[in-house]
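1. attaching a predicted model along with its sequence, questions to come.
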Amino acid sequence: MNPTEPASASPSLIHLDGVKKVFLTDEVETHALAGIYLDVRAGEYLAIAGPSGCGKSTLLSILGLLDSPSEGSYRLNNHQVANLSFGERARIRNREIGFIFQSFNLIGDLTVSENVELPLTYRSELSSGERKKRTSEALERVGMGHRSRHLPNQLSGGQQQRVAVARALAGHPSVLLADEPTGNLDSRNGEAVMTLLDELHSSGATICMVTHDERFARCADRTVHLFDGRVVDEQHRETPAALIA
């Protein structure tokens, strides 16, 4: 069994087998990922850490179906997704994956509730009433229901990130992908967002988070450290029970 494979016999939500990514620029090959083996169980909180240029963002882009590996396989919910068509990838991305970006990526001339509802409008199976119900529930879950009619520029950075989390949650995704979710926040708001992610994980959410901050990486159940496109280390969060043992 690969070192990054969980000991549990239950199937993995995410399974990467020998994933490589090579970028070609002016006939120069850049090996962003040099063979990643990784399993993530449903309900797990995983941090992906490492220095700039180590491949963290490339890995997250592949996990989020925003990019494809040059080699290797990627299974999401036991379905091979590495070589799907553009349309199939978009459909799975909309239903299975919730994105939380460093820069929030909210649309300035839409209200908070409209921003959260927008990804749901691409799902024809959801009625208008169901979309609004999910939007309201997601905003309440992150403590932003009272700001639903505000525009993004009327909110603090921490509030905007909470709205971004609500947008990710509203689609009921299989996994939340967080790309440096505290990167544009001061320390107080950053810690508040990390507390929110911890609460979501406690209620059953599966989270994969890229971070360069070791303090925040320690919030996760497990941290994989990347260097030169490879997993070079893995750490598990110590619990009081583990310390006693």
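-> Thanks, I have it.

2. chain neighbours aside, what residue packs nearest to residue 18?
-> Using C-beta to C-beta, 6 or more residues apart in numbering and skipping the chain neighbours, the partner closest in space to residue 18 is residue 72 (4.0 Å). For the C-beta atoms, the positions are set from N, CA and C on the backbone; glycine is no exception.

3. got the contact list for the one you found?
-> By C-beta atoms under 8 Å, 6 or more residues apart in numbering, residue 72 lies in contact with 16-20, 35-36, 82.

4. can I assume it sits in a helix?
-> No - looking at residue 72 with DSSP: H, G, I helix; E, B strand; the rest coil, it is strand, so not inside a helix.

5. about what we covered before: if any of the contacts of residue 72 are buried, put those into a ChimeraX selection.
-> Applying 16 or more other C-beta atoms under 10 Å to the contacts of residue 72, the buried members can be selected in ChimeraX as follows:
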select :16,17,19,36,82
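
6. lowest pLDDT pick from the contacts of residue 72?
-> Among those, residue 82 carries the weakest pLDDT, at 74.

7. check contacts around that residue.
-> Contacts for residue 82 (C-beta under 8 Å, 6+ apart) come out as 19, 68-69, 72-74.

8. among those residues, which pair sits farthest apart?
-> Spanning the widest gap among the contacts of residue 82 are 68 and 73, at 11.1 Å by C-beta to C-beta.

9. distance of the residue nearest the centre of the chain from residue 14?
-> A centroid search over the chain (C-alpha atoms, centre = their mean) returns residue 177, at 0.4 Å, as the residue closest to the centre. Applying C-beta to C-beta, to the nearest Å, the value for residue 177 to residue 14 is 10 Å.

10. one more: residue 172?
-> Plainly put, residue 172 is 17 Å away from residue 14 if you go by C-beta to C-beta.

11. residue 230 now?
-> Look at residue 230 and residue 14: by C-beta to C-beta, they are 18 Å apart.

12. looking at these two, which is more packed in?
-> Neighbour count, other C-beta atoms under 10 Å: between residue 230 and residue 14, residue 14 has more, with 21 against 16.

13. distance of the more buried one from residue 62?
-> 10 Å.

14. buried ones in the host helix or strand of residue 196?
-> According to DSSP states H and E, residue 196 maps onto helix 187-202. Of all the residues in helix 187-202, those buried under the rule 16+ other C-beta under 10 Å are 189-194, 196-197, 200-201.

15. can I get the residues you listed in JSON lines with distance to residue 29 and pLDDT?
-> JSON lines is the format used below for these (distance: C-beta to C-beta, whole Å; pLDDT from 0 to 100):
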{"residue": "189", "distance to residue 29": "40", "pLDDT": "92"}
{"residue": "190", "distance to residue 29": "36", "pLDDT": "91"}
{"residue": "191", "distance to residue 29": "40", "pLDDT": "92"}
{"residue": "192", "distance to residue 29": "42", "pLDDT": "93"}
{"residue": "193", "distance to residue 29": "37", "pLDDT": "93"}
{"residue": "194", "distance to residue 29": "37", "pLDDT": "94"}
{"residue": "196", "distance to residue 29": "40", "pLDDT": "94"}
{"residue": "197", "distance to residue 29": "36", "pLDDT": "95"}
{"residue": "200", "distance to residue 29": "39", "pLDDT": "94"}
{"residue": "201", "distance to residue 29": "38", "pLDDT": "95"}
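
16. tell me the predicted confidence for residue 85.
-> Residue 85 is given a pLDDT of 88.

17. and for residue 115?
-> pLDDT for residue 115: 97.
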